[in-house]
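Student: show me the folded form of this:
(chains A and B)
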Amino acid sequence: MSSVLHARGLSVGYLPDRPVAADLDLTVAAGELVCLLGPNGAGKSTLIRTLCGLLPPLAGEVALLGEELGRLTPWQRAQRLSVVLTDRVSVGHLTVEALVALGRQPHTDWTGRLRASDWERIDWAIAAVGAEALRQRLVAELSDGERQKVLVARALAQEPALIVLDEPTAFLDLPHRLELTRLLRDLAQSGGRAVILSTHDLDLALRAADRLWLLRPGQPLQAGAPEDLVLAGAVAATFEQPGLLFHPETGAFEAPVAGRGAVCLDGHGLRAVWTRRALQRAGYQIDDAADLVVTVCDAPEPWQLARCGQTIECDDLATLVATLRALPPG
Amino acid sequence: MNSRGWPWGKLLLLAALLLLAFATSLACGAVDVPLRETWRYLSGGGGSAQVQVILHDLRLPKAITALLAGAALAVSGLQMQTLFRNPLADPFILGLHAGSSLGVALVLLGGGGVILGAGSVLGNLSLVGAATLGAAVVLLLVLAVARRASNPATTLIVGLMAGHATGGLVTVLVHFSRLERLRAFMTWTAGSFGGVTWQQLGTFAPAVLLSLVAVTLLLKPLNALLLGEGYAATMGLRVRRARAGIIVCAALLAGSVTAYCGPIGFLGVAVPHFCRGLLRTADHRVLLPACALLGATLALLADVVAQLPGEGQVLPLNAVTSLIGAPVVTWVVLRGMRREGDGA
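Tutor: Predicted coordinates:
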């Protein structure tokens, strides 16, 4: 695979004597989806702005398709790289079609006149993100999810080799986050493009990224396949905080609840999985040797809670948790 | 950036309205001149000596001035609203009018007029010169900041502060002025299309027309700037260069109007909103001709309204434009609240 973006010895930041992140070596290949992850203040946005050419690097260099970013004219850069920023786009009387058409600016003459070939790319970009139905809608009236999709279409219409997105999923609900991530992964894999996005969403990054960049304040950036980084403990270390525990099995962070004791869980299937979660949420550890026994029967039978020969039946997990909390300790 | 169709119909309608307003402006005034007479004069057919004098010496230069000034202010406002992404931006947001009024106040109130010969033709010219000079000083200051600033808001603040500072100086001059001089200054601030001679039009018209032509070179950058400077930069725009070009053009347009007609408010802020709503587009390639046409039309109509009291009495032009403009701006703000959008 050929390298789309290559950075060597890169330092980013706003003040020369105070780099936000230093000495970064980065490579992005065609067809790759890269997720940049890190806690707040690690310099994600600063790095993203530097890679887009919006901020000059403090040291080192960034090469885009083999040519140094600083040497490209703005037009040349825009023909290779397009961006979805966190800037709020709120323009009166701007239709989706007109917004996407703006992506053709690096390819049109000084008047901005759109030729038939430009319209083909605009149509294609709108179809690629599945926004045909939004075409004549006003951008100001779109939902957050629709707006992000349309902004991706604008970035696509620019026909870049690399699309960079700053926190594209920040204001989206879970289904829209998944939809957008899947769209970006498809766009990377099908078109031989590269996609870099920054995100807070660990779960999504672990599932979708071909490569993770983990950025922590004052530490060298770690890059690799998400699974390798989990196994190496790098993901846990990046977000390390008191009271926060990373579960390598699930790939998720949890804030453990103060212990209430141990429960023996008897049962299997989906009901048992969610009973386990309910018990953990209530502060119980699962231990087969515990005196307190929760039996999960097949639906529609109720849950049974047994201690010292006494049995209580609960119709749902809410009742079960409430009953457990009401039990005297010991 | 454009839709596949071009709104020829609506632009032609605006052009027709402009023609109508132009004709009305020639026909209305202290003496009614029938449209037929007006037409005969315009087509070179002569007419009575009185009509010739009224039209040639008074109404035609005034109508042409109003037409140019309205177009200039509207286009200038359009550029400012896009550059600053602020629906309430107008041509004077850069503090140019304050610079102009300081120049004029220095001439009329500060004694400069005595040296230059107040009241004479030379005095009138010196007013234009002083207003131009004042606006130019503020423009250079704003431009120096705009070329370095990373953010257009910085330019805005410098413009506003320059406006306040020069406004303060004007207040001091006003405070210590004699009444008859004050009246001359107040007349200037009320705004008028009437004082511009054919000779002055020889400078004013090319200044406005050339600036309007220059704006056509900025239409693509203006469209890119709709999404903000960050996006514009990633779409290949040299942002600082474009920003400087837009400020110079907008300032030349608004500055020449202020120099020749006084600080005329509200046309610049209201007309771009009318045009966006009428044409349902944000594309500057459509909005530029639309704003020029509608701005010219409204300026002519405002001047006609200002003549309404009759018998030589004329309403202050700024009062008329404000009475039209204030409801429009209010409407824009209220509509913006309803939509929860804050864009232009």
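Student: next, give phi and psi for the nearest residue to residue A:96 once chain neighbours are set aside.
Tutor: Spatial nearest neighbour of residue A:96, chain neighbours left out: residue A:134 (4.7 Å); criterion: Cβ to Cβ, 6 or more residues apart in numbering or on different chains. From N, CA and C alone the C-beta is placed, and that goes for glycine too. With angles defined as degrees, to the nearest 10, residue A:134 sits at phi -90, psi -10.
Student: isn't residue A:134 right up against residue A:100?
Tutor: No. With contact defined as Cβ atoms under 8 Å, residue A:134 does not count as touching residue A:100 (9.8 Å).
Student: who in the stretch 101-250 of chain B is up against chain A?
Tutor: B:217, B:219-220, B:223-224, B:226-228, B:230-231, B:233-238 (Cβ under 8 Å from any Cβ of the partner chain).
Student: what sits opposite residue A:303 in the beta ladder?
Tutor: residue A:314 (DSSP bridges).
Student: how far away is it from residue A:320?
Tutor: Taking Cβ to Cβ, to the nearest Å as the measure, residue A:303 falls 5 Å from residue A:320.
Student: and for residue B:71?
Tutor: Residue B:71 is 76 Å from residue A:320, by Cβ to Cβ.
Student: which of the two has more neighbours?
Tutor: More crowded of residue B:71 and residue A:320, by other Cβ atoms under 10 Å in any protein chain shown: residue B:71, with 28 against 23.
Student: what's the helix or strand for that one?
Tutor: Residue B:71 belongs to helix B:60-83 when assigned by DSSP states H and E.
Student: got a list of what residue A:311 touches?
Tutor: Shown in contact with residue A:311 (Cβ atoms under 8 Å, 6 or more residues apart in numbering or on different chains): A:304-305.
Student: and it, which of the three is it?
Tutor: Following DSSP: H, G, I helix; E, B strand; the rest coil, the label given to residue A:311 is strand.
Student: sorry, back to before: go through the residues of the stretch 101-250 of chain B next to chain A and flag which are in helices.
Tutor: If you go by DSSP state H, these have B:219-220, B:223-224, B:230-231, B:233-234 in helices.
Student: need the max-distance pair from those.
Tutor: B:219 and B:230 (20.2 Å; Cβ to Cβ).
Student: identify the contacts common to residue A:134 and residue A:100.
Tutor: Counting by Cβ under 8 Å, 6+ apart, the residues touching both residue A:134 and residue A:100 are A:126, A:150.
Student: quick one, which of the two is more surrounded?
Tutor: Using other Cβ under 10 Å as the criterion, residue A:134 and residue A:100 rank with residue A:100 on top: 30 against 24.
Student: which strand or helix spans that one?
Tutor: Per DSSP H and E: helix A:96-102 holds residue A:100.
Student: that helix packs against which elements?
Tutor: Packing partners of helix A:96-102 (3 or more Cβ pairs under 8 Å, 6 or more residues apart in numbering or on different chains; DSSP states H and E): helix A:116-128, helix A:144-157.
Student: pick the most deeply packed of those.
Tutor: For the helices and strands packed on helix A:96-102, the largest average neighbour count (mean count of other Cβ atoms under 10 Å in any protein chain shown) is found in helix A:144-157, namely a mean of 24.
Student: after that one, which helix or strand is next?
Tutor: strand A:162-166.
Student: now that next one against helix A:144-157, angle please.
Tutor: Per axes from the mean of the first three to the mean of the last three Cα atoms, to 10 degrees, the angle that strand A:162-166 makes with helix A:144-157 is 150 degrees.
Student: and the residue of chain B that's closest to chain A?
Tutor: Closest to chain A within chain B is residue B:236: 3.5 Å, counting by Cβ to the nearest Cβ.
Student: please report how far that residue lies from residue A:166.
Tutor: From residue B:236 to residue A:166 the distance is 19 Å (Cβ to Cβ).
Student: residue A:27 too?
Tutor: Distance of residue A:27 to residue A:166, computed by Cβ to Cβ: 20 Å.
Student: more crowded one of those two?
Tutor: The neighbour comparison of residue A:27 against residue A:166 (other Cβ under 10 Å) goes to residue A:166, with 22 against 17.
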